[in-house]
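Visitor: Fold the stuff below for me.
(one chain, ligands or ions: 1)
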Amino acid sequence: MSSPAKLINQGIIMSAAMGGPIRAPIALDKTTAVLDAGTGTAGWLSEVAALLPATAELHGVDITDARFPQPAQAEGRPLLLDIVDLTAPLPERYHAKFDLINARHVLPWLPYSKWDDVYRNLLTALKPGGYIQVLDTRMTIAEDFAQYHPKMKKYVGTMAKAFGLDAEEPATMGRLIPNLPAYLPTLGFTDATQTIYPLFYGKLQPDPATREAGMMQMLGAARGFQTRGVGAATEGAERLSTIMEGVTYVVPGNNDEWEAFIEESRNSFEEVGWALPLRVTIAQRPLQ
Ligand SMILES: C[S@@+](CC[C@H](N)C(=O)[O-])C[C@H]1O[C@@H](n2cnc3c(N)ncnc32)[C@H](O)[C@@H]1O
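Guide: Numbering: from 1, shown residues only. As a prediction, the model looks like this:
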């Protein structure tokens with residue numbers, strides 16, 4: 001993990017923070033198949049390819065193949081990638097097949113009304129005794145926000161509004177993520193646990209390349225909003241804003257305001273830094 005270009009892949013930063021891409025207690029040498037649900041660029045599969053036996057099948061599914069790697073390979077091994085909608089029942093070839101299913105940054109991108117269906121579908125795809133590993137980072141979980149340094153709250157509160165995370169559905173998801181260990185057993189999983197691994201940004205990140213990549217990720221997101229003119233204030237119209245813990249955060253309304261916000265945010269990252277909680281939830285399909 002040397003160049004920032006490589007580290008910009010947030011997945012690698014997440015895996016480094018949690019001590020490797022697999023936290024579920026599976027026997028790596030006995031693993032016959034894993035599935036990356038909502039695989040995107042198949043980044044997680046590329047990370048685990050070197051850890052699993054050569055005979056283990058590396059499957060990935062996504063609703064689109066737009067980001068699938070070409071050729072579909074990692075560490076010289078084939079990746080078995082397919083277009084599959086996780087909200088619909090999974091094809092029978094996947095039933096009871098996997099020792100481990102990984103779902104990284106996927107469920108919050110699906111309609112909340114479909115979560116039960118998606119988790120039940122994934123349960124069906126696990127071998128009895130197999131594990132699911134769910135990875136989420138969320139800026140707006142209230143108890144997390146309460147712990148951020150006041151200087152970081154301006155960045156987080158403002159960006160949360162720009163991302164629309166305070167809308168009803170994203171807010172509901174934000175409340176559920178810390179409660180996944182109670183929710184998953186209602187769908188048939190067992191032994192659900194959640195561990196928080198902090199993702200360190202700015203001053204809190206000791207590795208220079210990771211720090212640079214993190215800054216590119218965080219300030220790049222703000223630059224994206226700036227480029228798209230998010231928050232553009234028209235004469236007399238109400239400004240885009242949100243209230244968190246009684247403080248109003250107003251989204252920058254023009255290019256100059258975004259520029260000032262990005263500069264102030266850069267200073268906050270450099271002066272105090274940010275620990276964004278990565279929640280890793282692990283649960284098992286009962287043996288019978
Ligand atoms: C934020 S990306 C995460 C990608 C990958 N898991 C990672 O960590 O790099 C969310 C992924 O979920 C996929 N996705 C969204 N809705 C889906 C659905 N109904 N079925 C399968 N995949 C879906 C998207 O296409 C996208 O690749």
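Visitor: For the residue nearest to Asp65 when sequence neighbours are not counted, what are phi and psi?
Guide: With Cβ to Cβ, 6 or more residues apart in numbering as the criterion, Asp65 has its nearest non-adjacent residue at 5.4 Å, and that residue is Ile83. C-betas here are computed from N, CA, C, even on glycine. Here is the backbone geometry of Ile83 (degrees, to the nearest 10): phi -90, psi 120.
Visitor: mind listing what Ile83 touches?
Guide: Contact analysis of Ile83 by Cβ atoms under 8 Å, 6 or more residues apart in numbering lists Val61, Asp62, Ile63, Thr64, Asp65.
Visitor: Can you narrow the residues you listed down to the ones near the ligand?
Guide: Asp62, Ile63, Thr64 (Cβ under 6 Å from any ligand atom).
Visitor: Name the helix or strand for the closest residue to the second one other than its chain neighbours, please.
Guide: Spelled out, it's Ile63. The spatial neighbour of Ile63 that comes closest, neighbours along the chain excluded (Cβ to Cβ, 6+ apart), is Asp85 at 5.3 Å. Using DSSP states H and E, Asp85 falls within no helix or strand.
Visitor: do the same with Ile132
Guide: In the assignment (DSSP H and E), Ile132 maps to strand 126-137.
Visitor: can you pull out the strands in the stretch 51-200 of the chain?
Guide: Ranges of strands in the stretch 51-200 of the chain, per DSSP state E, counting those that start in this stretch, are 57-62, 73-74, 77-78, 80-83, 98-104, 126-137, 190-201.
Visitor: longest helix anywhere in this protein?
Guide: helix 208-228 (DSSP state H).
Visitor: C-terminal to that helix, which secondary structure element comes first?
Guide: Moving toward the C-terminus from helix 208-228, the next element (DSSP H and E) is strand 241-244.
Visitor: Buried residues of that following strand, list them for me.
Guide: Thr242, Met244 (16 or more other Cβ atoms under 10 Å).
Visitor: Go ahead and name everything in contact with it.
Guide: Thr140, Phe145, Lys153, Gly157, Ala160, Lys161, Asp166, Thr248, Tyr249, Val250, Val251.
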